[in-house]
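[1] show me how the following folds:
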Amino acid sequence: MFFHMVLERNMQLHPRHFGRDLRDKLVTKLMKDVEGTCSGHHGFVVAITGIDNVGKGLIRDGTGFVTFPVKYQCVVFRPFKGEILEAVVTMVNKMGFFAEAGPVQVFVSNHLIPDDMEFQAGDIPNYTTYDGSVKIQKESEVRLKIIGTRVDATEIFCIGTIKDDFLGVISDPGANS
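    Predicted coordinates for the structure are as follows:
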């Protein structure tokens with residue numbers, strides 16, 4: 001799920017940023033460029049926790065830009081098959097529902113929803129048990145299990161299930177308190 005890693009990146013800096021606060025400008029640019037991005041290999045970069053090393057700059061011919069190798073520590077989020085996550089439902093349709101667990105979007109097919117839940121179309125599409133005691137709709141919080149992941153260069157996609165013990169709705173926004 002969450003890992004603390006040491007990564008490297010080559011950062012380009014314009015000559016106007018050279019001066020006493022060069023390192024600060026480099027760190028600010030690194031945070032802006034890296035935090036919130038996804039690398040298929042490492043996962044989603046949540047936050048940079050420290051800078052280990054800023055190497056010597058290399059001047060780029062013709063542009064004046066300088067490339068600095070930067071080694072930094074960061075927290076990354078990477079979901080794995082079999083992992084249990086808590087997520088918020090973002091969309092419900094007859095094929096299943098989509099939920100977000102932080103930066104990861106998880107699809108739960110209607111075949112991976114318990115058999116006693118049925119899709120209800122209407123103003124607020126949802127999956128409801130036969131007795132109406134449990135309802136999955138937009139903004140519901142669910143506990144789900146990742147059963148598959150697909151990793152692209154810049155994105156991670158997950159398939160989940162709630163058809164297992166201790167999985168399902170945690171909180172329902174439509175329920176009366």
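
[2] the helices in this structure, which residues?
    Taking DSSP state H as the criterion, the chain contains helices spanning 22-34.

[3] can you tell me how far the residue of it most remote from its centre is from P125?
    Ranking residues of the chain by C-alpha distance from their mean position (CA atoms, centre = their mean) puts G62 at the top, at 38.6 Å. Using CB to CB, to the nearest Å, G62 is found at 57 Å from P125. (C-beta placed from N, C-alpha, C; glycine too.)

[4] in space, what's closest to the spatially most central residue of the chain - neighbours in sequence excluded?
    With distances taken as CA atoms, centre = their mean, the chain has P103 as the residue nearest its mean C-alpha position (2.1 Å). Distance criterion CB to CB, 6 or more residues apart in numbering; nearest residue to P103, sequence neighbours excluded, is F44 at 4.5 Å.

[5] now the one you found: how far from F77?
    From F44 across to F77, the span is 5 Å (CB to CB).

[6] same check, this time on Q120
    Separation of Q120 from F77 (CB to CB): 33 Å.

[7] what pairs with the worst-scoring helix or strand of the chain on mean pLDDT, and is each one parallel or antiparallel?
    None of the helices or strands of the chain scores lower by mean pLDDT, DSSP states H and E than strand 38-39, at a mean of 86. Strand 38-39 pairs in its sheet with strand 43-54 (antiparallel), by DSSP bridges.

[8] next up, the contacts around the closest residue in space to V27 that isn't next to it in sequence.
    Leaving aside its sequence neighbours, V27 sits nearest to I51 (CB to CB, 6+ apart; 5.8 Å). By CB atoms under 8 Å, 6 or more residues apart in numbering, the residues touching I51 are V27, L30, V70, K71, Y72, Q73.
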